[in-house]
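Participant: Provided below are the primary sequence and the corresponding predicted coordinates.
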Amino acid sequence: MAALKVKSKRNIQSYRITAEKGQFPTDSQLQIRAADCPSDITVLEILGEGEAPLPSCIPGLEWVGPFPNIKKVFFSDVELGTLTLEKSFFVVLENVTLKNVSFQKMTLEDFIQTLPPQLKSLSIINCGPFGSTEKWSKKLLPHLEQLDLSRNQLRKLPTWVQDLAALKRLTLDSNQLEALPLYLKNLPKLNHLSLDGNPFSDEARVEIQKNFNLWF
């Protein structure tokens, strides 16, 4: 088992990885137990301390649940083998945020397929680059309203975004995008699109302004 500090504050249970750089055991799994969470806890945080991400990979998390009251899960500054957040453990989960997190044994699509269908907000920030996103056939996350994929070195948008029928806000700041797929125009509820910090050519900017009524 990994060395952890567990801190509780109002509505939040925070698990802080305390191993120093280079000393984290590579065969350790983190075990998070619902029994350790006070009944009023609605947010789980799993945070790596010090320089991020920690150099040694944590193979995975063992959830001992379910966690019937957890609405948000936040990961920061950790390197994981795998991560799953199935509905069987998180029955009311609505918000997932990953920041400075990397996966060693699963793709972005593998992770997304573990997310519960009721999810409304997903932020994956500074976690790329990702592998190929071409092989995608399932329509998931039917209730997702907000998606933030900032700072992931994306050169093109993942194909599964076109199936997010409930999406209202899409943030793609500070990637390597040079164009936008026209299928975004077909997302019926999309009303906010942020593209700051991408290397669009002047020609691409004109096309984006024409197709999406966005100005740089």
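Facilitator: Received the coordinates, thanks. Numbering: from 1, shown residues only.
Participant: going by C-alpha atoms from here, please, whenever you check contacts or count neighbours.
Facilitator: Fine.
Participant: same for the one helix or strand in the chain whose mean pLDDT sits lowest, what does it pack against?
Facilitator: Least confident helix or strand, the chain: strand 4-9 with a mean of 83, by mean pLDDT, DSSP states H and E. If contacts are counted by 3 or more CA pairs under 8 Å, 6 or more residues apart in numbering; DSSP states H and E, strand 4-9 sits against strand 12-17.
Participant: and the strand it packs on with strand 4-9, angle?
Facilitator: Relative orientation of strand 12-17 and strand 4-9, computed by axes from the mean of the first three to the mean of the last three CA atoms, to 10 degrees: 160 degrees.
Participant: what helices or strands is strand 12-17 leaning on?
Facilitator: strand 4-9, strand 43-48.
Participant: roughly how far does the residue lying closest to P59 once chain neighbours are set aside sit from F103?
Facilitator: With sequence-adjacent residues excluded and distances taken as CA to CA, 6 or more residues apart in numbering, P59 is closest to G81, at 4.2 Å. Distance, G81 to F103, by CA to CA, to the nearest Å: 5 Å.
Participant: and F89, by the same measure?
Facilitator: 20 Å.
Participant: comparing the two, which residue is more hemmed in?
Facilitator: Between F89 and F103, F103 has the larger neighbour count (other CA atoms under 10 Å), namely 21 against 18.
Participant: quick revisit: what separates the least confident helix or strand of the chain from the chain centre, distance-wise?
Facilitator: 22 Å (CA atoms, centre = their mean, to the nearest Å).
Participant: that one: which residues count as buried?
Facilitator: Buried residues in strand 4-9, counted by 16 or more other CA atoms under 10 Å: L4.
Participant: same question, stretch 195-207
Facilitator: In stretch 195-207, counting by 16+ other CA under 10 Å, buried: L195, N198, P199, F200, R205, V206.
Participant: can you dump the C-alpha atoms of it in CSV for me?
Facilitator: This file holds the C-alpha atoms of stretch 195-207, laid out as CSV (Å, rounded to 0.1, in the frame of the first residue of the first chain):
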residue,chain,number,x,y,z
LEU,A,195,-9.7,28.1,-28.6
ASP,A,196,-7.1,30.4,-27.1
GLY,A,197,-3.4,29.5,-27.7
ASN,A,198,-3.8,27.2,-30.8
PRO,A,199,-1.6,27.7,-33.9
PHE,A,200,-4.3,28.4,-36.4
SER,A,201,-3.2,29.9,-39.7
ASP,A,202,-4.8,33.1,-41.0
GLU,A,203,-6.7,31.0,-43.5
ALA,A,204,-8.0,28.6,-40.7
ARG,A,205,-9.0,31.6,-38.6
VAL,A,206,-11.1,32.9,-41.5
GLU,A,207,-12.8,29.5,-41.8
